[in-house]
Each structure stands twice: as C-alpha cells, then as structure tokens.
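Peer 1: structure, please.
(one chain, ligands or ions: 1)
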Amino acid sequence: MKSTGRHFLQIPGPTNVPDRVLRAMDRPVIDHRGPEFAALTGEVFEGMQSIFQTSSRVVIFPSSGTGAVEAALVNTLSPGDRVVIAETGFFSEQPWRRVARNLGVEVDYLPGNWRRGASPEAIEARLADDAARAVKAVIVVHNETSTGVASRVAEVRPAMDAAGHDALLLVDTISSLGSIDYRHDAWGVDVTVACSQKGLMLPPGLGFNAVSERALEASRTARLPRAYWDWGPILASNRDGAFPYTPPTNLLYGLREALDLLPAEGLDAVLARHARHAAATRRAVRAWGLELVPLDEREHSASLTAVFVPDGYDADEVRRLILDRYDVSLGAGLGRLAGRVFRIGHLGDLNDVWLAGALAGVEMGLTGAGVPIRPGGVQAAIDHLAATAGAPAAAGAAG
Ligand SMILES: Cc1ncc(COP(=O)(O)O)c(C=O)c1O
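Peer 2: Residues are numbered from 1 along each chain as shown. As a prediction, the model looks like this:
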C-alpha cells in the first residue's frame with residue numbers, strides 16, 4: 001500500500017471521520033457518573049432526536065449496528081411472534097432474518113431480487129392476507145448497503161394502513177441516517193435502528209434505537225429474553241444523564257461534535273450533498289458503460305453506488321488492484337453479489353474534489369485491470385459537479 005498522501009476510504013461504512021471529530025475524542029476519560037458526563041448525554045440525546053426527526057426517546061448502546069438490530073427485536077417481540085421482512089439484499093438477510101430466527105421469531109421473508117427496494121404493494125398484500133393479525137412487525141432496511149438500493153420507507157406505513165393492519169414498523173437506517181432523507185415520526189416508524197460509523201462520521205461502536213410510544217408500550221409485554229439490550233433500565237438511567245453500565249465516554253464526545261457539524265452544514269444541505277455526489281458517481285458509471293445494480297430510478301441510494309463488472313471479470317481483483325496502486329478502498333460484493341460487484345461509498349465526510357479523486361482511482365484501476373470500459377467517466381462526474389456547484393439543492397440530485 002502507498003505510504004504518501006491520504007488513504008481514500010470509499011467503502012460504504014465505516015466512513016472517514018472528520019479531524020474535528022477525531023480531536024473531540026482525544027480527551028481524558030471522565031467519570032461516567034459525574035455532572036460533566038450527565039451534561040454530555042443530555043446534548044447528544046437532543047441532537048439524535050433531530051437527526052431521526054423524532055420527539056420520541058432515543059436509546060444509545062455501546063455496540064455495532066447488529067446489536068441495535070437485536071435490541072429492536074428483543075424489546076418488542078415474544079417467542080413465536082411473526083414478522084414480515086422485505087428481502088432487499090445481504091443486510092435484510094444478515095443480520096435481520098438471521099437474528100430474528102435465532103431469537104425464535106417466525107420470519108415471513110417477502111422475496112426480492114436484490115435490485116429493487118421493499119415493495120409497499122407486496123407488504124400491503126401480505127398484511128391484507130393476515131386475517132388473524134399474527135404479524136407483529138414489518139421490517140424494512142431503508143438503504144440496502146449491499147446493493148445501493150434505497151427503499152421508499154415513506155410509502156410503507158400508508159400501505160400497512162391500506163391493509164387495515166397495525167403491526168409495528170421497524171426500519172434499519174444504518175447506512176442512510178445522515179445521508180438520505182429519513183423521518184421517524186412523519187413516516188410512522190416504531191423503531192429506527194442506526195449506528196455510528198456511516199452518515200454520522202464516527203468510528204464504529206455506537207448503536208441506536210429511536211423508539212415510538214407504541215414500541216415502548218409493546219416492550220412492556222414483550223417476552224423475548226433481554227438483559228443488556230433492555231430499553232427499560234437504560235431509559236430510566238438516561239433520565240439522570242447516566243447509563244446502567246459503563247458507556248463509551250469518548251465516542252460520545254465524538255458524537256457531540258458530529259451532531260454539531262451536521263446542523264452547522266444544515267441537514268438539508270447534507271442530504272443534498274449526498275444526492276449530488278451519488279448522481280455524479282452514477283454519471284461516471286454510465287459513461288464507463290458499466291451496469292448499476294439498482295433497477296428503479298426512484299430507488300438509487302445517495303450513500304453508495306454498486307456496480308457490476310462485466311462477465312468474466314472478478315470485482316475483487318479489480319478492488320485489489322485499485323487498493324494496491326491507488327490506495328483507494330472500495331466495498332466488496334456481498335453474498336450472492338460477491339466477485340460480481342464493487343461498491344463506491346460516498347457517504348459521510350466528503351467533498352467534490354475528494355469524490356473526483358476516488359473516481360479517478362476507480363477509472364485508472366478498471367483500465368489497469370483490463371476491464372473493457374469507455375473513457376470519460378471521471379469527466380462526466382466532474383462536469384456534473386461543476387454544473388451543479390452552488391445550485392439549489394435539488395438541482396444536483398438527478399441522473
Ligand atoms: C443496512 C445494514 N444493516 C446492518 C448492518 C450491520 O451493522 P454492523 O456491521 O455495525 O453490526 C450493516 C453494516 O454495514 C448495514 O449496512
């Protein structure tokens with residue numbers, strides 16, 4: 001690997017951590033039962049509510065995203081409960097279906113082809129068939145990180161209402177929070193699952209649940225065994241700015257800094273920046289003559305772009321060459337897309353020139369690996385970036 005200049009971490013999470021956030025964490029550890037810590041937790045809970053767009057309680061766990069997935073399930077469900085999970089890709093399967101099954105939950109896995117998002121129509125049809133009201137929760141991954149397909153979560157609760165079904169709605173925003181528009185309250189979501197290492201621009205280590213009143217009510221009767229993940233003691237301690245176990249103090253300093261940076265840019269501006277970078281990346285891919293994974297124009301992810309390599313080429317070989325020669329890390333194809341797809345992460349801390357540099361690394365690497373592409377991808381991307389620089393937010397999102 002090259003030793004000069006900066007490494008380009010263009011995987012779809014963990015993402016690049018801004019220097020300001022790194023510096024905010026570089027502090028002495030404090031007493032997690034003292035007044036300074038209590039003030040810190042108050043600030044981060046309030047900040048997280050605005051990112052989730054909710055007035056509901058937010059629970060923070062020292063965990064990866066999978067821990068927050070397990071927490072969402074064990075707090076709301078009982079052994080043998082049925083849930084509907086929309087198949088969107090690797091992450092609807094791992095962790096959601098796997099963890100739910102391991103916990104003893106019955107999973108009704110709505111089939112998908114890994115190139116489309118969750119279908120609100122299919123969810124409505126499945127719930128309309130559930131005359132016995134056996135389904136306790138519907139689960140959707142907002143941004144399927146393995147495919148670069150974003151599901152239309154805003155359409156899910158209306159579809160559930162159309163079926164006359166009042167199941168809980170659980171949504172995974174692990175790779176969308178802070179990079180794609182998301183509204184916990186307005187979209188009728190009961191538990192939103194998130195974590196630190198993607199749009200929030202932090203290292204891995206924090207998991208989140210945003211919890212509606214209905215979800216809290218469900219947690220009072222849910223019978224899956226829970227201890228570490230139990231919302232009850234955590235919410236009770238949080239009222240005094242404390243945790244029932246030792247919290248990751250320095251990560252919370254980082255979170256406070258990130259929650260300062262995002263509103264300083266403006267959440268709308270942050271989302272518009274992601275949409276514009278995604279559009280520029282798609283233009284590069286199309287100019288190269290390569291195929292995008294998403295099939296529906298309405299479902300392109302603003303967080304990452306997943307790209308097929310042509311038959312007969314190995315996406316992992318291409319990634320390896322790009323890392324070795326240009327010090328750019330790209331995401332691997334996962335599950336059934338292994339070796340066929342590479343993923344360009346463009347979420348978190350990024351700017352136009354940084355993206356252009358990463359795309360230049362991809363174009364040089366594809367050429368170096370002998371993949372038959374047309375030249376001009378980087379040019380198409382920078383033409384878009386130049387044409388939309390400083391334009392109103394929506395202008396740069398198309399394409
Ligand atoms: C959509 C989605 N869900 C769940 C996970 C699992 O999160 P973690 O690896 O932090 O446990 C990931 C990880 O990338 C993800 O992208």
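Peer 1: list the buried residues of stretch 85-99.
Peer 2: By 16 or more other C-beta atoms under 10 Å, the buried positions in stretch 85-99 come out as 85-93, 95-97, 99. C-beta here means a position set from N, CA and C on the backbone, and glycine is covered the same way.
Peer 1: what does it rub up against?
Peer 2: Contacts of stretch 85-99 from elsewhere in the structure, counted by C-beta atoms under 8 Å, 6 or more residues apart in numbering, are 65-66, 69-70, 73, 100, 107-112, 114, 116-119, 122-123, 138-141, 144-147, 149, 151, 172, 174, 334-335, 337.
Peer 1: what are the ranges of the helices in this structure?
Peer 2: Assigned by DSSP state H, the chain shows helices spanning 19-25, 35-52, 65-76, 90-91, 98-102, 120-128, 156-162, 213-221, 231-238, 249-265, 267-288, 315-326, 352-368, 377-388.
Peer 1: can you list the ones you listed in a markdown table and add mean pLDDT and distance to the ligand?
Peer 2: Supplementary listing: these in a markdown table, determined by pLDDT from 0 to 100; distance: least, C-beta to the nearest ligand atom, whole Å:
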| stretch | mean pLDDT | distance to the ligand |
| --- | --- | --- |
| helix 19-25 | 98 | 18 |
| helix 35-52 | 96 | 16 |
| helix 65-76 | 98 | 3 |
| helix 90-91 | 98 | 4 |
| helix 98-102 | 98 | 10 |
| helix 120-128 | 98 | 18 |
| helix 156-162 | 98 | 16 |
| helix 213-221 | 98 | 19 |
| helix 231-238 | 96 | 19 |
| helix 249-265 | 98 | 13 |
| helix 267-288 | 98 | 15 |
| helix 315-326 | 98 | 17 |
| helix 352-368 | 98 | 19 |
| helix 377-388 | 98 | 24 |
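Peer 1: hey, which of those is tucked in deepest?
Peer 2: helix 65-76 (a mean of 25; mean count of other C-beta atoms under 10 Å).
Peer 1: what helices or strands is that one leaning on?
Peer 2: Taking 3 or more C-beta pairs under 8 Å, 6 or more residues apart in numbering; DSSP states H and E as the contact definition, the neighbouring helices and strands of helix 65-76 are strand 57-62, helix 98-102, strand 168-172, strand 191-195, strand 206-211, helix 213-221.
Peer 1: got the CA positions of it in PDB?
Peer 2: These are the backbone C-alpha positions of helix 65-76, laid out as PDB (Å, rounded to 0.1, in the frame of the first residue of the first chain):
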ATOM      1  CA  GLY A  65     -25.400  -2.000  14.200                       C
ATOM      2  CA  THR A  66     -26.200  -5.700  14.700                       C
ATOM      3  CA  GLY A  67     -26.600  -5.100  18.500                       C
ATOM      4  CA  ALA A  68     -29.100  -2.300  17.700                       C
ATOM      5  CA  VAL A  69     -31.000  -4.800  15.500                       C
ATOM      6  CA  GLU A  70     -31.100  -7.300  18.200                       C
ATOM      7  CA  ALA A  71     -32.300  -4.700  20.700                       C
ATOM      8  CA  ALA A  72     -35.200  -3.600  18.400                       C
ATOM      9  CA  LEU A  73     -36.300  -7.300  18.200                       C
ATOM     10  CA  VAL A  74     -36.000  -8.400  21.800                       C
ATOM     11  CA  ASN A  75     -37.700  -5.300  23.200                       C
ATOM     12  CA  THR A  76     -40.800  -5.600  21.000                       C
END
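Peer 1: any idea how far that helix is from the middle of the chain?
Peer 2: 15 Å (C-alpha atoms, centre = their mean, to the nearest Å).
Peer 1: same question for stretch 209-223.
Peer 2: For stretch 209-223, the gap between its own C-alpha mean and the chain's C-alpha mean amounts to 22 Å (C-alpha atoms, centre = their mean).
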